[in-house]
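Trainee: one predicted model, sequence on top.
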Amino acid sequence: MTKKRILLIDDERDLCLVMKLNLERTGTYDVAVAYSGPEGLERAEAELFDLIITDFNMPGMDGGVVLRSLKAMRPQAPVVLCSVYHDDVTAITAAVQREADGLINKPIDHAQLLRTIEQALANGTEG
Amino acid sequence: MAGAALTGVDDLRTKLGKLEVALSAIVDALVWLDGDGRVQWYNAPFRRLVDRLDAAVLGARLVDLLPLEDGGKPLPPHAHPIHLALNGRPNAIGSYEYRGGGQPVVLEVFAARVQFSRQELSTVVAIRDITERRRAEEKEQRLAAEAADSAVAARKRAAELDTAYKELKNTQAMLVHAEKMAAIGQLASGVAHEVKNPLGIILQGVDYLEGRVGPEDAEGFEVLRMIKEAVMRSDRIVRDLLNFSRQRPLEPKPCDIAQVIRDSLGLVEKQLALQNIAVRQAFADGLPPVVIDENQMKQVFINVILNALQAMPKGGELTLRTAAAAPESLPVELARRALMTWRPGEAAVRCDVADTGVGIPADQVQKAFEPFFTTKPAGQGTGLGLAISRSIVEKHRGGISLASHEGRGTTVTIVLPIVHEVPG
Ligand SMILES: Nc1ncnc2c1ncn2[C@@H]1O[C@H](COP(=O)(O)OP(=O)(O)OP(=O)(O)O)[C@@H](O)[C@H]1O
Ligand SMILES: [Mg+2]
């Protein structure tokens, strides 16, 4: 079984790196990282990913814009949004919440992250 | 002899003339009356006073010439000082009004009975116009009264100013409080965001290390579990802070307040059973719906109920009450708030959450609402429950207050105005 390719977009470098380690340790994922919205979009345009995880709260370009651009670019690739705002409806508008294939709360619990990813992937292959 | 006698009579005449002139030169009116009260002699001021021709004065009865009034009512003849003087009261004195001479005046009448011989009874009456004196006296009294009034007024004004000042200080305190909360909110949300990411890295790091340590290293595993727990605890604090700082706009809908309280209670049911706490619910029938943000108000009730539970570690009784509330029946600070924020005539619902717990020392009651004030062990309380609750209730234009007896229990009272139209 080929590994699923994940693109992780977050301005917090160390977080990206540990998450990458944790996800790759499962043996099922191959993780690429990008440290900003524009960088993430560039990667997503150049390569194919099975799933993209993006932070919501980033300087410059926020996760909502990244999410929309990704959806415009590759409608099939599921996108998981992670944020400290998760439960705040005013920060992440309902529209953005609907467009995302998964939401995850920061600080990210590893087990929960895995569940969210699996679910998003499953929905993606169904849809 | 005759000449001398004549000279004596002339002398006497001269003397009498002089006397008459003298008596007419004084200010008081003088009359000499016979035993029937008829005028025998009078001086010039008297004539001026009664304002009649001489012919009409001599022989006329004084009661007719000088009709007096007392307190605006005509004085009956038998009460006239002359009558009194003639009938046994040797000296009768009184002051009366007299309006026979045009302008009403006040007269002081002094009547003295004079008995020259057995037959000859007569009366001398001296009449003094005391209008000016009276006026001056009245003015003095009025001034005194006014002075007294103005002293009262000044005291009243001072009291008003004092109240206004206190109100101002209160409003100011409220504003300062609101500003403080806003500043804390901003700070908190800034800090919370900064802290969230490092926490995330620690958590991910622990997950990574768990994979590396392996189950055979029980000690290593335990240390990692402790780190993870500490991270979760910090995260809870940060989440509370974010909740607190987040000024979520209200989404008000008409709600049955009793149902909102029941729902909130439902969320802590397990804990109630665990702690052996009896719940009494006394919800008033027929209360009108309140227009509130249900979720935010639930948060308030949950905070308050949790505090009550935490105050009764050895069990006790939790009482939840609702009632219609008139502003005048509220605890002072709520009533004051009500006066300032409610629309005239607005009705209110009052909710009490009472426990039989440890209570709060008097000097801590006010502090309880301050953000970060907590008496609970680290990890159990952030001290934001009541601060958040107050800010939510006040957004609803309501109020929350706390009354406590140390060792006996605490009652939290929440008042919400009944709004007839949905705001904003
Ligand atoms: N019902 C009560 N009985 C006794 N003390 C109370 C009660 N409610 C509040 N307090 C006191 O007021 C303090 C502040 O309460 P508040 O709810 O704001 O914070 P907390 O309960 O300590 O922490 P948090 O609610 O953030 O978990 C409490 O620590 C406690 O000392
Ligand atoms: Mg509390």
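Mentor: That came through, no problem. Ligands and ions are numbered 1, 2, ... in the order given.
Trainee: and B:Leu309, how far from A:Arg13?
Mentor: For B:Leu309, the distance to A:Arg13 under the criterion Cβ to Cβ, to the nearest Å works out to 44 Å. Glycine gets a C-beta too; all of them are placed from N, C-alpha and C.
Trainee: check what pLDDT the residue in the stretch 101-250 of chain B positioned nearest to ligand 1 gets.
Mentor: Proximity of the stretch 101-250 of chain B to ligand 1 (Cβ to the nearest ligand atom) peaks at B:Asp240, 5.9 Å away. Looking at B:Asp240, its pLDDT stands at 76.
Trainee: now swap in B:Ala182 and tell me
Mentor: According to the per-residue confidence, B:Ala182 scores 67 in pLDDT.
Trainee: what do you get for B:His405?
Mentor: On the pLDDT scale, B:His405 gets 94.
Trainee: hmm, B:Gly359 and it touching each other?
Mentor: Yes - using Cβ atoms under 8 Å as the test, B:His405 is close enough to B:Gly359 to be in contact (5.2 Å).
Trainee: higher neighbour count, the two?
Mentor: It is B:Gly359, of B:His405 and B:Gly359, that has more neighbours when counted by other Cβ atoms under 10 Å in any protein chain shown, with 18 against 11.
Trainee: helix or strand: which one has the residue of the stretch 101-250 of chain B closest to ligand 1?
Mentor: With the criterion set as DSSP states H and E, the secondary-structure element containing B:Asp240 is helix B:218-245.
Trainee: next SSE after that helix?
Mentor: Helices and strands here follow DSSP H and E; after helix B:218-245, the next one along the chain is strand B:253-255.
Trainee: which neighbouring elements make contact with that next one?
Mentor: On a contact count with 3 or more Cβ pairs under 8 Å, 6 or more residues apart in numbering or on different chains; DSSP states H and E, strand B:253-255 meets strand B:290-292, helix B:294-310.
Trainee: identify each buried residue in it, please.
Mentor: Buried residues in strand B:253-255, counted by 16 or more other Cβ atoms under 10 Å in any protein chain shown: B:Cys255.
Trainee: related to what we said a few turns ago, do the helix holding B:Asp240 and chain A meet?
Mentor: Yes - using Cβ under 8 Å from any Cβ of the partner chain, helix B:218-245 reaches chain A at B:Val231, B:Asp235, B:Leu242.
Trainee: the first one touches B:Ile202, doesn't it?
Mentor: This means B:Val231. Yes - contact status for B:Val231 versus B:Ile202: in contact at 5.2 Å, counting by Cβ under 8 Å.
Trainee: show residues contacting the strand or helix carrying B:Leu107.
Mentor: Secondary structure here is read from DSSP H and E; on that basis B:Leu107 sits in strand B:105-115. For strand B:105-115, contacts defined as Cβ atoms under 8 Å, 6 or more residues apart in numbering or on different chains pick out B:49, B:68, B:81-82, B:84-86, B:89-99, B:121-131, B:134.
Trainee: quick check: ChimeraX command selecting the buried ones in the residues you listed.
Mentor: Under the burial definition 16+ other Cβ under 10 Å, those of the contacts of strand B:105-115 that qualify are selected in ChimeraX by:
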select /B:49,68,81,82,84,85,86,92,94,95,96,97,98,121,122,123,124,125,126,127,128,129,131,134
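Trainee: ok so, going back, so between B:Leu309 and A:Arg13, which is more surrounded?
Mentor: The residue with more neighbours, out of B:Leu309 and A:Arg13, is B:Leu309; 19 against 11, by other Cβ under 10 Å.
Trainee: and the pLDDT at the more buried one?
Mentor: Model confidence at B:Leu309, expressed as pLDDT, equals 93.
Trainee: how about B:Gly315, what does it touch?
Mentor: For B:Gly315, the contact set (Cβ under 8 Å, 6+ apart) comprises B:Gln275, B:Asn276, B:Ile277.
Trainee: name the helix or strand for the spatially closest residue to B:Glu120 that is not a sequence neighbour, please.
Mentor: Leaving aside its sequence neighbours, B:Glu120 sits nearest to B:Gly35 (Cβ to Cβ, 6 or more residues apart in numbering or on different chains; 7.5 Å). In this assignment (DSSP H and E), B:Gly35 forms part of neither any helix nor any strand.
Trainee: phi, psi of B:Gly35?
Mentor: phi -60, psi -20 (degrees, to the nearest 10).
Trainee: which residues sit in contact with the residue of the stretch 101-250 of chain B closest to ligand 1?
Mentor: When contacts are counted by Cβ under 8 Å, 6+ apart, B:Asp240 is found next to B:Thr382, B:Leu384, B:Ile388.
Trainee: can you classify the first one by secondary structure?
Mentor: The reference is to B:Thr382. coil (DSSP: H, G, I helix; E, B strand; the rest coil).
Trainee: so it sits against B:Thr374, correct?
Mentor: Yes - counting by Cβ under 8 Å, B:Thr382 touches B:Thr374, with 6.5 Å between them.
Trainee: these two: who's more crowded?
Mentor: Under the neighbour definition other Cβ under 10 Å, B:Thr382 and B:Thr374 were set side by side, and B:Thr382 has more, 22 against 17.
Trainee: quick check: the residue nearest the centre of chain A vs chain B, distance?
Mentor: For chain A, A:Ile53 is the residue whose C-alpha lies nearest the centre (Cα atoms, centre = their mean; 0.9 Å). If you measure A:Ile53 against chain B using Cβ to the nearest Cβ, to the nearest Å, the figure is 13 Å.
Trainee: looks to me like that residue is in a strand.
Mentor: Yes - A:Ile53: assigned to a strand according to three-state DSSP.
Trainee: quick one: B:Asp285 and B:Cys255, what's the gap?
Mentor: Using Cβ to Cβ, one gets 16 Å for the distance from B:Asp285 to B:Cys255.
Trainee: do the same with A:Arg98
Mentor: With the distance defined as Cβ to Cβ, A:Arg98 ends up 27 Å from B:Cys255.
Trainee: low-scoring stretches of chain A, by residue?
Mentor: Residues of chain A meeting the criterion pLDDT under 70: A:1, A:85-95, A:125-127.
Trainee: again but with the stretch 251-400 of chain B, I slipped
Mentor: Per-residue confidence for the stretch 251-400 of chain B (pLDDT under 70) gives these ranges: B:327-328, B:339, B:379.
Trainee: helices along that one, start to end?
Mentor: Per DSSP state H, counting those that start in this stretch, the stretch 251-400 of chain B has helices spanning B:257-266, B:269-274, B:294-310, B:332-341, B:385-395. These are given in chain order.
Trainee: hmm, who's touching the shortest one?
Mentor: Counting by Cβ under 8 Å, 6+ apart, the neighbours of helix B:269-274 from elsewhere in the structure are B:Leu265, B:Val279, B:Leu306, B:Leu309, B:Leu318.
Trainee: what about the first one, how many neighbours?
Mentor: If I follow you right, that is B:Leu265. Number of residues near B:Leu265 (other Cβ under 10 Å) recorded here: 19.
Trainee: list the contacts for it?
Mentor: Counting by Cβ under 8 Å, 6+ apart, B:Leu265 makes contact with B:Leu272, B:Val279, B:Phe301, B:Ile305, B:Leu320.
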